[in-house]
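# could you look at this predicted model? Sequence included:
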Amino acid sequence: MLEPLVLIPGMMSDSRGFLPQIVELSWETSVHVAPPLTGETIEEMGDAILARAPQRFALCGHGLGGMVAMDLLNRAPERVTRLALMDTNCQSELPQVAAAREKRIVAARAGRLAEAMQNELRPEHIADGDQREAIWQMMQDMALDLGVETFIRQSRVLQKRPDQQGILRKSRTPTLILCGEADTLFPVRRHEFMAHLMPNAKLEVVPGAGHLPALENPNAVSASLRNWLSWPISAGRASSTTNWT
């Protein structure tokens, strides 16, 4: 039996963001999805997850969830058996990005959450194709369900998040780094950088996907996670880059 898998959704997301993987992987292991992130800091968000998580678990996070996953790797390395980081960023937020985020916070606080989310995640952040509109609309629906306070709280956490490069450099945990080939929010080159920081990391680039590969190319992502769950925990893995074909 594989170790339990804990999935951490990204900004303004819940379990719907990982629905294909929950269906596929729950046949093989226990899958736990963290509730929408509600703490005031990365550490508070991580504490809430640790309180609910199994004693030892495989950990996968997307976007903001990936940043929380890196914090958990740092603070509870004895509990994280393996790590998957998906379309995320290990660096602190640039001042100009934080300033742009402030405008969206103001709009949300003024009752214009839909407008704020349309500027947070735009259709072009999803790979071009027949499914783009449906996925984008689902993400907007999720955000409206989670509400203004969650949006503001998560936005503030992103603005003040710490740089996590040092966490990745010192980690020896087997790590899969996934990125949609068309992600313009957190591009492939940033994930290449993260993979090079980590001695036991492997980068896989998912075709036909932008910022949301778990929904845009769910079969590829599920297959990748299934393979990652089979990696020997104790065996080191040389850093490498793989393009799906």
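Noted; the coordinates are in hand.
# what pLDDT is listed against N243?
At N243, the model reports a pLDDT of 38.
# neighbours around K160, how many?
Neighbour count for K160, taken as other Cβ atoms under 10 Å: 12. Placement of C-beta: from N, CA and C, glycine included.
# what are the phi and psi values at it?
When read as degrees, to the nearest 10, the backbone of K160 gives phi -110, psi 20.
# that one contacts E43, doesn't it?
No - at 11.3 Å, K160 does not count as touching E43 under the criterion of Cβ atoms under 8 Å.
# domain ranges for this structure?
The chain breaks down by automatic domain parsing into domains covering 5-93+163-243, 95-157.
# enumerate every residue touching Q154.
Listed by Cβ atoms under 8 Å, 6 or more residues apart in numbering, the contact partners of Q154 are 11-12, 37, 64.
# show me where this structure has its strands.
Along the chain, counting by DSSP state E, strands occupy 5-8, 31-33, 57-62, 80-86, 175-180, 201-206, 240-243.
# who's in contact with I233?
Neighbouring residues of I233 by Cβ under 8 Å, 6+ apart: 81-82, 174.
# again with A116
Contacts were defined as Cβ under 8 Å, 6+ apart; by that measure A116 touches 104-105, 107-108, 151.
# of those, which pair is most distant in space?
Farthest pair in the contacts of A116 (Cβ to Cβ) is A107 and F151. Separation: 9.7 Å.
# what's the overlap in contacts for those two?
Counting by Cβ under 8 Å, 6+ apart, the common neighbours of A107 and F151 are 113, 116.
# between these two, which one's more packed in?
For A107 versus F151, neighbours defined as other Cβ under 10 Å are more numerous around F151 (23 against 20).
# pLDDT value on that one, please?
On the pLDDT scale, F151 gets 98.
# likewise A134?
Reported pLDDT for A134: 97.
# ok, L2 next?
82.
# roughly how far apart are it and S155?
In this view, L2 and S155 are 35 Å apart by Cβ to Cβ, to the nearest Å.
# of these two, who's got more company?
S155 (20 against 14).
# any idea how far the more buried one is from V97?
Applying Cβ to Cβ, one obtains 11 Å for the distance of S155 from V97.
# do D71 as well
Remark: distance between D71 and V97 (Cβ to Cβ) = 20 Å.
# which of those two has more neighbours?
Taking neighbours as other Cβ under 10 Å, D71 and V97 compare with D71 leading, 23 against 11.
# just checking, the more buried one touches E44?
No - with contact defined as Cβ under 8 Å, D71 and E44 do not form a contacting pair (9.9 Å).
# most neighbours, which of the contacts of Q154?
Counting neighbours by other Cβ under 10 Å, L37 comes out on top of the contacts of Q154 with 29 neighbours.
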